[in-house]
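Student: Sequence first, then the predicted structure, then my questions.
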Amino acid sequence: MKRWIGISWVSCVFAFLYGPLLVLMVFSFNQARYTSAWQGFSLTWYASLLENQYLLDAFVNSLTVAFVSSLAATTMGTLGAFAVAWYRFAGKKIFFSLVYSVMMSPDIVMGISLLMLFVTVGIHPGFFTLLVAHITFCLPFVIVLVHARIAGFDPAVVDAARDLGAREHAVFFKIVFPMILPAVLAGWLLSFTLSLDDVIISFFVTGPGFEILPLKIYSMVKLGVTPEVNALCTILFVLTLAAVMVAHFLIKEKKK
């Protein structure tokens, strides 16, 4: 009895999480222009998506910003996590508290503060300001994830490698980095996702000459979202799922 209750509970949770995604994916193949009724299977909207240059440009811009910002945030966050975990310096606890405060601050507060900063220093909103903003709000998540992983493994392993004559770069790339790789990949995937679907902060820091997908879709809501958006979101979800599976496979191979 308890087993069936557990299965039912897990099924309800998965239905709640993935039900809306499944509806979106199904109606991306709907022949009807409006998603209120099913009128037959069709790939019309995927073909129409390839002709919608404005939507594709916004999608490419979003992928570019998400990839670059997540890569930069993961690199700086990993180094920052090492600095916090391995070195002693004045204000260490204050630094970590500030990292958490950035994570907990509302998006609208960060968006307005970044906008005021860019206006004060005379930087025009565009790709650069959007990239800096995305790195800023992704960085704390990477620091926390990687720091938790570093704090979890035994430092005696590193000391043993040094006693056996391993140099610092060998210790890092052959011992430390493989052990923290799951956290680094998790930080990158989380940063990529946060950057890709951000609306509030991006609304304040981007310029009219550089449009990203979330803001494009947000502007389309006033007039009605076209079925091409369903097709694009389906492709994006499949790509994200594939990236997660690849990351899981790489982590599994490293553990072996």
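Tutor: Cool, the structure landed.
Student: Contact partners for the closest residue to residue 134 other than its chain neighbours?
Tutor: Spatial nearest neighbour of residue 134, excluding adjacent residues (C-beta to C-beta, 6 or more residues apart in numbering): residue 69 at 3.7 Å. C-beta here means a position set from N, CA and C on the backbone, and glycine is covered the same way. Applying C-beta atoms under 8 Å, 6 or more residues apart in numbering, we find residue 69 in contact with 131, 134, 135, 138, 191, 195.
Student: Tell me how many other residues surround the fourth one.
Tutor: For residue 138, the count of nearby residues is 27 (other C-beta atoms under 10 Å).
Student: Find me the pLDDT at residue 255, would you?
Tutor: Residue 255 carries a pLDDT value of 51.
Student: with the contacts of residue 69 in mind, which one is nearest to residue 27?
Tutor: residue 195 (26.6 Å; C-beta to C-beta).
Student: how is the chain carved up into domains?
Tutor: 1-42, 52-255 (automatic domain parsing).
Student: winner for burial among the ones you listed?
Tutor: For the domains of the chain, the largest average neighbour count (mean count of other C-beta atoms under 10 Å) is found in domain 52-255, namely a mean of 16.
Student: Low-confidence stretches in the stretch 151-256 of the chain?
Tutor: Where the stretch 151-256 of the chain drops to pLDDT under 70, the residues are 224, 247-248, 250-256.
Student: And the nearest residue to residue 212 once chain neighbours are set aside, how close does it get to residue 80?
Tutor: Setting aside the residues directly before and after it, residue 212 is nearest to residue 62 in space (C-beta to C-beta, 6+ apart), at 4.4 Å. Between residue 62 and residue 80 the computed distance is 26 Å (C-beta to C-beta, to the nearest Å).
Student: likewise residue 231?
Tutor: Computed as C-beta to C-beta, the residue 231 to residue 80 distance reads 39 Å.
Student: what does residue 140 give?
Tutor: To residue 80, residue 140 is 9 Å away according to C-beta to C-beta.
Student: Do a quick rundown of the helices in this protein.
Tutor: 2-27, 44-51, 53-86, 92-104, 107-121, 127-152, 156-163, 168-171, 177-196, 200-205, 213-220, 227-255 (DSSP state H).
Student: list the contacts for residue 230?
Tutor: 24, 25, 27, 28, 35, 45.
Student: Which one of those residues is nearest to residue 58?
Tutor: Distances from residue 58 to those, taken by C-beta to C-beta, are shortest for residue 45, at 16.5 Å.
Student: The closest one - how many residues pack around it?
Tutor: By other C-beta under 10 Å, 22 other residues sit near residue 45.
Student: tell me the pLDDT at it?
Tutor: On the pLDDT scale, residue 45 gets 84.
Student: For the remainder of this discussion, apply numbering that starts at 657.
Tutor: Shifting the count to begin at 657 puts that one at residue 701.
Student: Could you measure from the residue nearest to residue 782 when sequence neighbours are not counted over to residue 661?
Tutor: What sits nearest to residue 782 in space, not counting adjacent residues and going by C-beta to C-beta, 6+ apart, is residue 863, at 4.2 Å. As judged by C-beta to C-beta, residue 863 and residue 661 stand 53 Å apart.
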